[in-house]
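S.K.: with the input below, show me the fold.
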Amino acid sequence: MTEVSRNNGHSRHDLWEIALTGSFSRDNLDLAASAQELADRAPAGSLHHAAARSVAITCATTRDADQARTTLDGLTPEDVRKAALELFDRLSAAPES
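M.R.: Model (predicted):
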């Protein structure tokens, strides 16, 4: 799998441009950062790592929460999809600090 296909068609350069220009909502970028922090703390290869990493990438490459949720709904395998959706719901419901 190439870097671009892993990032919903966006290269790292594209993602950097998106972050700089604000093309995606700040809320999704905040969710992506929170999910990435969780992925970094989870053991590599674990369900929690896979779910958090999936949420981080999805939120970084989608325009809003609805698009992120729709994308996460298509994840496979099922256990990763369920864990990712639960994490996404938990992170998106958290009050801003």
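S.K.: does Leu91 really touch Ala56, like I thought?
M.R.: No - counting by Cβ atoms under 8 Å, Leu91 sits too far from Ala56 to count as a contact (9.9 Å). (Each C-beta comes from the backbone N, C-alpha and C, glycine too.)
S.K.: Three-state assignment for Ala44, please.
M.R.: Assigned with DSSP: H, G, I helix; E, B strand; the rest coil, Ala44 falls in the coil class.
S.K.: tell me the phi and psi of it?
M.R.: phi -60, psi 140 (degrees, to the nearest 10).
S.K.: quick one: it from Ala52, how far?
M.R.: From Ala44 over to Ala52 the distance is 11 Å, taken as Cβ to Cβ, to the nearest Å.
S.K.: between these two, which is the more surrounded one?
M.R.: For Ala44 versus Ala52, neighbours defined as other Cβ atoms under 10 Å are more numerous around Ala52 (25 against 9).
S.K.: pLDDT score for that one?
M.R.: As predicted, Ala52 sits at a pLDDT of 97.
S.K.: which residues touch the closest residue to Ala51 other than its chain neighbours?
M.R.: Leaving aside its chain neighbours, Ala51 sits nearest to Ala83 (3.6 Å; criterion: Cβ to Cβ, 6 or more residues apart in numbering). Ala83 sits next to 47-48, 50-51 when contact means Cβ atoms under 8 Å, 6 or more residues apart in numbering.
S.K.: no more questions from me, cheers.
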